[in-house]
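Visitor: here's my sequence, what's the structure:
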Amino acid sequence: MSINPAQTVVGLVGTGVMGKSMAGHFIQAGYKVQLYNRTKSKAQELLGQGAEWQDSPGLLAQQCDVIITMVGFPSDVEEIYLGDNGLLRNAKPGSYIIDMTTSSPKLAKQIYEEALSRQLYSLDAPVSGGDVGAKEARLSIMVGGSREAFDYVLPLFQKIGTNIVYQGEAGAGQHTKMCNQIAIASNMMGVVEALVYAKKSGLDPSTVLKSIESGAAGSWSLSNLAPRIIAGNFAPGFYVKHFIKDMKIALQSAEEMNVELPGLALAKSLYEQLAASGEEDSGTQALYKIINNRAYSHG
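Guide: Residues are numbered from 1 along each chain as shown. Prediction:
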């Protein structure tokens, strides 16, 4: 048995950069969609497409068969799931709740256990692919929780993603996303350093990109974010402040496992400097500014 649009009401908590595109895909697929967001104005476009508004996560939960959350920080997740007017205390038994926020593996396990005690199915399913992946329904989705719950909601995931992998028990999705963020953190340092070096040596960065993006140096960040850097576009596909949050979670989880991650620690310190300079709401590619400023302050 699996999900189908005719019999399923989908709730979405969080209609920011990612959640807005995801909700749009569900509406287009024929699902009845309920929305809650702290700032209602951010949901207006979706409401115009036929989605319905609820005034709190609890009220939304009462109306829905599947509830997806895509918010900012673990503290937001904790409040939305475990608060008095939250999802777990208000969802109908048998509902599926899916957190697609990048959050703490430990919190994902806590939510799973609490959900289980209330006859609810909980999945942690963080995503990768940024704003472009969300708009084009090409997200990578990494999922933790019960295999049966995963199989049931898979058709819903297929409306927003193309690389959907069941990773294991509760928390496994979040641990996998930490692996993703660890790889991206050091890669972003390499991308911006390469562009700064190209510029300093008198090369045309766009021409350099033609040579290196399809070779061994190739990466999603190099192909998708380097052109934005070259164009001077530092708008967020993914916020600096959210990336710092992810790196903190990864370092904390690594510390609990007695794993040392020197590249991640360095990236986090650089991004914290970037945020302190007023760039916390910029995209992660704004790291270029820190490295570039240093290159040119040295003459």
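
Visitor: where does pLDDT dip in this structure?
Guide: For the chain, the stretches with pLDDT under 70 are 1, 298-299.

Visitor: tell me who's in contact with residue 152.
Guide: When contacts are counted by Cβ atoms under 8 Å, 6 or more residues apart in numbering, residue 152 touches 1-3, 96, 121. Backbone N, C-alpha and C define where each C-beta goes, glycine included.

Visitor: sorry, wrong one. I was asking about residue 81.
Guide: Neighbour list for residue 81: 69, 87-88, 97, 99, 111, 114 [criterion: Cβ under 8 Å, 6+ apart].

Visitor: please, which helix or strand holds it?
Guide: Element membership for residue 81 (DSSP states H and E) is helix 74-82.

Visitor: what helices or strands is the helix or strand just after that helix leaning on?
Guide: Toward the C-terminus, helix 74-82 is succeeded by strand 96-99 as the next helix or strand (DSSP H and E). Where contact means 3 or more Cβ pairs under 8 Å, 6 or more residues apart in numbering; DSSP states H and E, strand 96-99 is packed against strand 66-69, helix 74-82, helix 105-117, strand 121-124, helix 147-157.

Visitor: what do you get if the cut-off is 10 Å, keeping everything else the same?
Guide: Strand 96-99 sits against strand 9-13, strand 66-69, helix 74-82, helix 105-117, strand 121-124, strand 139-145, helix 147-157, helix 172-200, with contacts defined as 3 or more Cβ pairs under 10 Å, 6 or more residues apart in numbering; DSSP states H and E.

Visitor: how about CSV for these, with distance to residue 44 added?
Guide: Listed next are the helices and strands packed on strand 96-99 as CSV, based on distance: least, Cβ to Cβ, whole Å:
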stretch, distance to residue 44
strand 9-13, 14
strand 66-69, 19
helix 74-82, 21
helix 105-117, 30
strand 121-124, 29
strand 139-145, 24
helix 147-157, 24
helix 172-200, 30
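
Visitor: quick one: which of those is nearest residue 40?
Guide: Residue 40 lies closest, by Cβ to Cβ, to one member of these: strand 9-13, at 12.7 Å.

Visitor: thanks a lot, see you next time.
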